[in-house]
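J.: Next one to model:
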Amino acid sequence: MEVALYRDEGGHRVAFHGLMTCDSPWICPVCSPKLGAQRGEALGRALAHFHAAGLWVAHAVLTVQHTRGMPLSEVFEALSRAWRRMTKSREFRPHWSGLGYARGVEVTLGPNGWHPHIHLALVIPPDRDPYALEEALWEAWSGAVLEVGWAPSSRGAYSYQVARTEADIREVGRYVSKAGSGWGLGPEVAGGARKQGRGGMSPFQLLGVAWAGYLEDPEGMASWFPQAGEDFALGGLGQGGPLILREFCRAASSTAKRLGVGPHMAAWRWLEYAEATKARKALTTSRALGLVLRVKTAEVEAEAQNAVPIEVIWLSRRVYIYLLRTGRLAYFVHLAEALGSLRRACEMLGLVEGDEYTLPPANAPPLSPEGEGERVLSPVQGAG
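T.: The predicted structure follows:
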């Protein structure tokens, strides 16, 4: 297992090479954050491309009214049906004509139950008034919701903003793409599934609550984690498990307690979320925007492939599986990015060089003349 450390504008980042991935944008803690970051960067660049050509960019949030007892699948389906009805509406067609769009769906669980909502990035021709579209969009959306037999949300839940600067436009791209993407403690724009919602919980917070319940009471939660064994039982949140996982579970449990969601309920809600999002697209675009997005996605992927790591190690398969199964993999990544060194992260975890991790013979980075034990890669070595 090859592990590489890179340095970019945001600091250090760790990447694993040689892994088989599932590319699930909704429920995979490995693929979801990667897809969210990639798509967010690419969509931000695509929107900035249109803005530089003189077009307007706006961001809208659309939702439907829901109650605590409604299944997520029903609310999700109402949202999808209303979207299809609105985009085909004869009354809205003159406003919709000529617009480009990117649509992402975010899901949270709040005091009033499941709350799926659409984040919509709009690309508006330069000869159109972007502010005049705000009211027309709301009327078309609320009308479509009523037509599919659902109650529209209050006007206060509807949001519409025009982005002015390139920084704001790139932020819109990341925000729309974040739906269902990622788990962890990073910025909100990096992943909707890890969002710290206002008064609500993200899906991965629900999973964190269920996991916390298992760590505290393995026998009581055994039916929810049938594959877990002694390696998973880390002695409870007070003394076991890596720092990031413990803190994530604690934060999630605090929110869940306020909402009256226990570990068993959190586990059941997580499974409901996984089932309701199965085979659904996390991000859809209009044709013109999709073509530009494809080009920008290729650019982002090429930059990632051509990036030169500053350090590379080989992690043994058994150690990787151990870190993954015990929840310590996130802690390893955190240590490596915080310390700026894969070797130091291995040493902090007590891994033995030459047995549990090694330096690739052909790419072993030489010692830096400026730092103690810090290693660097030349472009030639990095390309190998």
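J.: What ranges in this protein fall below the confidence cut-off?
T.: Residue ranges of the chain with pLDDT under 70: 10, 29-30, 178-199, 227-246, 327, 362-384.
J.: Which parts of it are helices?
T.: 31-52, 72-87, 93-96, 132-147, 166-177, 203-216, 243-259, 263-276, 287-306, 317-325, 329-339, 342-348, 379-383 (DSSP state H).
J.: Can you tell me which of the ones you listed is most buried?
T.: Counting by mean count of other C-beta atoms under 10 Å, helix 203-216 has the highest mean neighbour count of the helices of the chain, with a mean of 26. (Each C-beta comes from the backbone N, C-alpha and C, glycine too.)
J.: got the CA coordinates for it in PDB?
T.: The C-alpha coordinates for helix 203-216 follow below in PDB (Å, rounded to 0.1, in the frame of the first residue of the first chain):
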ATOM      1  CA  PRO A 203     -26.000  11.500   8.000                       C
ATOM      2  CA  PHE A 204     -22.400  10.800   9.000                       C
ATOM      3  CA  GLN A 205     -23.100  12.400  12.400                       C
ATOM      4  CA  LEU A 206     -25.800   9.700  12.800                       C
ATOM      5  CA  LEU A 207     -23.200   7.100  12.000                       C
ATOM      6  CA  GLY A 208     -20.900   8.600  14.600                       C
ATOM      7  CA  VAL A 209     -23.600   8.400  17.200                       C
ATOM      8  CA  ALA A 210     -24.200   4.700  16.400                       C
ATOM      9  CA  TRP A 211     -20.500   4.100  16.500                       C
ATOM     10  CA  ALA A 212     -20.200   5.900  19.900                       C
ATOM     11  CA  GLY A 213     -23.000   3.700  21.200                       C
ATOM     12  CA  TYR A 214     -21.100   0.600  20.100                       C
ATOM     13  CA  LEU A 215     -17.900   1.800  21.700                       C
ATOM     14  CA  GLU A 216     -19.700   2.300  25.000                       C
END
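J.: tell me the angle of it relative to helix 243-259?
T.: 100 degrees (axes from the mean of the first three to the mean of the last three C-alpha atoms, to 10 degrees).
J.: Adding distance to Ser153, write the helices of the chain out as TSV.
T.: Compiled in TSV, those are given as follows (distance: least, C-beta to C-beta, whole Å):
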stretch	distance to Ser153
helix 31-52	25
helix 72-87	11
helix 93-96	20
helix 132-147	8
helix 166-177	19
helix 203-216	20
helix 243-259	20
helix 263-276	19
helix 287-306	26
helix 317-325	40
helix 329-339	35
helix 342-348	46
helix 379-383	51
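J.: and Ser153, what is it in contact with?
T.: 63-65, 145 (C-beta atoms under 8 Å, 6 or more residues apart in numbering).
J.: Closest one of these to Tyr101?
T.: Distance to Tyr101 across the contacts of Ser153 (C-beta to C-beta) is lowest for Thr63, with 16.6 Å.
J.: Touching, the closest one and Arg155? I think so.
T.: No - using C-beta atoms under 8 Å, Thr63 makes no contact with Arg155, being 11.6 Å away.
J.: These two: which has the busier surroundings?
T.: Thr63 (21 against 8; other C-beta atoms under 10 Å).
J.: Next one: the nearest residue to that one once chain neighbours are set aside relative to Met265, how far apart?
T.: Leaving aside its sequence neighbours, Thr63 sits nearest to His117 (C-beta to C-beta, 6 or more residues apart in numbering; 3.8 Å). Plainly put, His117 is 22 Å away from Met265 if you go by C-beta to C-beta, to the nearest Å.
J.: Please apply the same query to Lys278.
T.: 21 Å.
J.: go on, Ala37?
T.: 31 Å.
J.: Could you do Lys296 as well?
T.: 41 Å.
J.: mind checking which of the helices of the chain is nearest Leu5?
T.: Nearest to Leu5, of the helices of the chain and by C-beta to C-beta, is helix 342-348 at 5.1 Å.
J.: who does the closest one touch, helix- and strand-wise?
T.: strand 311-315, helix 329-339 (3 or more C-beta pairs under 8 Å, 6 or more residues apart in numbering; DSSP states H and E).
J.: Might you calculate how far stretch 101-121 sits from the centre of the chain?
T.: Remark: stretch 101-121 is offset 13 Å from the chain centroid, using C-alpha atoms, centre = their mean, to the nearest Å.
J.: Can you check the distance spanned by it, start to finish?
T.: Distance across stretch 101-121, first residue to last, is 5 Å (C-alpha to C-alpha, to the nearest Å).
J.: Ala282 against Val105, yeah?
T.: Yes - applying C-beta under 8 Å, one finds Ala282 in contact with Val105, separated by 6.7 Å.
J.: what's the neighbour count on Met70?
T.: Met70 is flanked by 15 other residues according to other C-beta under 10 Å.
J.: residue contacts, the nearest residue to it once chain neighbours are set aside?
T.: Leaving aside its sequence neighbours, Met70 sits nearest to Gly113 (C-beta to C-beta, 6+ apart; 5.4 Å). Contacts for Gly113 (C-beta under 8 Å, 6+ apart) come out as 66-70, 75.
J.: can you redo the residues you listed as a markdown table with distance to Tyr175?
T.: Formatted as a markdown table, the contacts of Gly113 follow (distance: C-beta to C-beta, whole Å):
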| residue | distance to Tyr175 |
| --- | --- |
| His66 | 22 |
| Thr67 | 27 |
| Arg68 | 27 |
| Gly69 | 30 |
| Met70 | 25 |
| Val75 | 21 |
